[in-house]
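Q: Coordinates for the following, if possible.
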Amino acid sequence: MEHFDGIPKYLGSVEAAHGQVECTPKERLTIPQFLPMAPSQIPNSAGGYVWQVDDMQRLRRFLCLGSEGGTYYIGEKQLGEENAATILRLINTGKGEDVVQEIKTFSTEGRTAKQNPIIFALALCARSDDLKTKQAAYNALPDVCRIPTHLFHFVEYTEALSKGTGWGRAQRRAVSHWYNSYGRNPKKLANHVTKYKQRNGWTHTDILRLAHPKPTTDGVAAVVRYVIKGFDVAKRDFDKEDTTHEVKSTLAFLQATEEVKKATDEQQVITLIETYHLVREHLDTKFLSSTLVWQALLQDMPMTAMIRNLGKMTAIGLLQAGSEGEELVVKKLYNEHSLKEARIHPFNVLVALRTYKKAHGHKGKLTWNPNDNVLEALDAAFHLSFKLIEPTGKRHCLALDVSGSMDCGSVNGCNALTPRDAAAALLMTTARTEHHYKVVAFSHTLTEVAITADMNLTRVIEITSEIPMGGTDCALPMIWAKQNKEPFDVFIVYTDNETWFGDVHPAQALKDYRRALGIWDAKLIVCGMTSNEFTIADPDDPGMLDMAGFDAAGPQVMRNFIMGDI
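A: Just a heads-up that it's a prediction; the model follows:
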């Protein structure tokens, strides 16, 4: 091997390695990916050199992707510790309030698939020694922890992160405020405390006794009394002649939840469901094999619950072809407004689609014959659940990393999806929006993939799963496009950024492409599929963007970047 000034001189290196792409003589002097091309680069877990995402961007990755399941190179525990350290660094550099605002934005806009990373990040901020960060975190509690399950997780995290009991004045005040925030809608609080009774060993009784809340309305007081003392005491103390309609309605709902527990007749259960809009969690499990009971539940079933229970409803015969149940489920899944209102995240729809298609649950013995119309509706719901997507009219190269590391681990702790599967589904959102695109898959070699906008997600994942794995060379999409004189305005690379194999860095490959084809404003978007700290995007190049995969606002961010609005 020849050397020049300490840098290996690779003669026809890409061609030699891959047998596909040939370098011209002027471009034979290259810096391979296992050497840094700039002082600001760092080694990734595979030994290649990349850039380090800034702490705020890594926070966004963590909020969207979590650390559950780890990656091919990094274990779950280490990945979690690294992300926690990132949040603490941001707080220590005076950006704690910005962190809380980012947490609140991602949560309230429904941009994350799971709340656990968000709640953990909020708990870290609440346990901060920085007073402004702590205050901001506790003030955001009702907005971020919208149901008791979230509140229970928050309390669990704050206790684990605390040096003492975790129940100082700020914690008690914030938790009290969470219950009192339902002062204008005590019936909703009543639904919360009866639907979500406990999680991870925590109950409402435990939390109320630690927080010592002072109810600000009779409605909240009635619900608190019910939790602590039971329904009979709550009814005795609050069902008076001068009791407001709001409180009477709340007491009637609580009474219905008590009656349905004791019900022995199916018709009585159905009547209570229809009259008081009770949900599955309110019922005795002996009624959850009844088609008629599930039919009653389905009428007002929350969107998230419906998506989670598609297998069960199919198994008991409620979603047979041509049935009223099938018609209602399909109608709901095609309703974009309902999906947005319920904050249904695309990732959760994708998991539901994959699970429903498999015809059996991840745990247990439940099996079913998938309904084709429901599968088609789930496929549509995946795309509808992303925030507003408008075509750019630009030419796209959609590049999917199919290397070995992308086929290991999970996304958001879901064993049904590898980063490779999730990236293939994510890619289809752009394919169904844009008119001018080509799809390629790469590892240490590159292959054009015949994926079209009319394909369903199941077929797309099947196609990409059949492509052989290998090492990782994220520069190949740009090298291939230059070699074949393919005109693109933007390259979108879906990867875990563990590139190492190639003889030229991806950022340099983009610059070479711009120069060779005269498309000087060609852009690169790196869609990170894991929450590690690496990116192939050069932070000093305004034409390169790093973003978190499975951010529900991702397509909108991409469009704004491509059109030059950010």
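
Q: just for the stretch 351-500 of the chain, where's the confidence low?
A: Across the stretch 351-500 of the chain, residues meeting the criterion (pLDDT under 70) sit at 363-364, 388, 409-410, 412-416.

Q: residue ranges for the helices of it, please.
A: All helices of the stretch 351-500 of the chain, identified by DSSP state H, counting those that start in this stretch, fall at 372-384, 419-431, 457-465, 476-483.

Q: who does the first one touch, helix- and strand-wise?
A: When you say that, I think you mean helix 372-384. Using 3 or more C-beta pairs under 8 Å, 6 or more residues apart in numbering; DSSP states H and E, the elements in contact with helix 372-384 are helix 310-315, helix 324-333, helix 336-341, helix 346-358, helix 419-431, helix 457-465. The way it works is simple: take the backbone N, C-alpha and C, and place the C-beta from them, glycine included.

Q: Among the ones you listed, show me which one is buried the most.
A: helix 419-431 (a mean of 25; mean count of other C-beta atoms under 10 Å).

Q: how far out from the middle of the chain is that helix?
A: The gap between where helix 419-431 is centred and where its chain is centred comes out at 14 Å by C-alpha atoms, centre = their mean, to the nearest Å.

Q: Then stretch 491-507?
A: Mean C-alpha position of stretch 491-507 versus that of the full chain (C-alpha atoms, centre = their mean) differs by 23 Å.

Q: Look at the residue nearest in space to the middle of the chain and give its secondary structure.
A: Nearest residue to the geometric centre of the chain (C-alpha atoms, centre = their mean): residue 113, 2.6 Å. Using DSSP: H, G, I helix; E, B strand; the rest coil as the criterion, the local structure at residue 113 reads coil.

Q: My read is that it contacts residue 348, right?
A: Yes: taking C-beta atoms under 8 Å as the definition, residue 113 is a contact partner of residue 348 at 5.4 Å.

Q: coming back round to it: of the helices and strands packed on helix 372-384, give the one that comes closest to residue 472.
A: The closest of the helices and strands packed on helix 372-384 to residue 472 is helix 419-431. By C-beta to C-beta, the value is 11.7 Å.

Q: Alpha carbons only: can I get the closest one in CSV?
A: Written as CSV, here are the backbone C-alpha positions of helix 419-431 (Å, rounded to 0.1, in the frame of the first residue of the first chain):
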residue,chain,number,x,y,z
PRO,A,419,-33.8,-0.6,13.2
ARG,A,420,-33.6,-1.9,9.7
ASP,A,421,-37.3,-2.8,9.6
ALA,A,422,-38.3,0.5,11.2
ALA,A,423,-36.1,2.5,8.7
ALA,A,424,-37.7,0.7,5.8
ALA,A,425,-41.1,1.7,7.0
LEU,A,426,-40.0,5.3,7.7
LEU,A,427,-38.5,5.5,4.1
MET,A,428,-42.0,4.8,2.7
THR,A,429,-43.4,7.9,4.2
THR,A,430,-41.2,9.9,1.8
ALA,A,431,-41.8,7.5,-1.1
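
Q: residue boundaries of the strands in the stretch 101-250 of the chain?
A: For the stretch 101-250 of the chain, applying DSSP state E, counting those that start in this stretch gives strands covering 198-199, 202-203.

Q: same for the last one, what does it pack against?
A: Using 3+ C-beta pairs under 8 Å, 6+ apart, the elements in contact with strand 202-203 are helix 148-161.

Q: now the first one
A: Packed against strand 198-199, as judged by 3+ C-beta pairs under 8 Å, 6+ apart, are the following elements: helix 148-161.

Q: list the buried ones in the helix it packs on?
A: If you call a residue buried by 16 or more other C-beta atoms under 10 Å, then helix 148-161 has these buried ones: 148, 149, 150, 151, 152, 153, 154, 155, 156, 157, 158, 159.

Q: who's in contact with the nearest residue to the first one once chain neighbours are set aside?
A: Think residue 148. The shortest distance from residue 148 to any non-neighbouring residue, by C-beta to C-beta, 6 or more residues apart in numbering, is to residue 196 (3.8 Å). With contacts defined as C-beta atoms under 8 Å, 6 or more residues apart in numbering, the neighbours of residue 196 are 147, 148, 149, 152, 281.

Q: any idea which helix is longest in the chain?
A: helix 245-262 (DSSP state H).

Q: Dump the C-alpha coordinates for the following helix or strand past that helix into PDB.
A: Of the helices and strands lying after helix 245-262 in sequence (DSSP states H and E), the nearest is helix 266-276. Below are the C-alpha coordinates for helix 266-276, written out as PDB (Å, rounded to 0.1, in the frame of the first residue of the first chain):
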ATOM      1  CA  GLU A 266     -73.900  -9.800  30.500                       C
ATOM      2  CA  GLN A 267     -76.700  -7.400  29.600                       C
ATOM      3  CA  GLN A 268     -76.200  -5.400  32.800                       C
ATOM      4  CA  VAL A 269     -72.600  -5.000  31.900                       C
ATOM      5  CA  ILE A 270     -73.500  -3.800  28.400                       C
ATOM      6  CA  THR A 271     -76.000  -1.300  29.800                       C
ATOM      7  CA  LEU A 272     -73.400   0.100  32.200                       C
ATOM      8  CA  ILE A 273     -70.900   0.400  29.400                       C
ATOM      9  CA  GLU A 274     -73.300   2.200  27.100                       C
ATOM     10  CA  THR A 275     -74.700   4.500  29.800                       C
ATOM     11  CA  TYR A 276     -71.400   5.500  31.500                       C
END
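
Q: List phi and psi for the residue lying closest to residue 203 once chain neighbours are set aside.
A: The shortest distance from residue 203 to any residue that is not its chain neighbour, by C-beta to C-beta, 6+ apart, is 6.4 Å, and that residue is residue 197. As for residue 197, its main-chain torsions (degrees, to the nearest 10) stand at phi -80, psi -40.

Q: that older thread, could you redo the helices and strands packed on helix 372-384 as TSV and give each row distance to residue 563?
A: What follows is these, written out as TSV (distance: least, C-beta to C-beta, whole Å):
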stretch	distance to residue 563
helix 310-315	37
helix 324-333	30
helix 336-341	23
helix 346-358	22
helix 419-431	14
helix 457-465	26
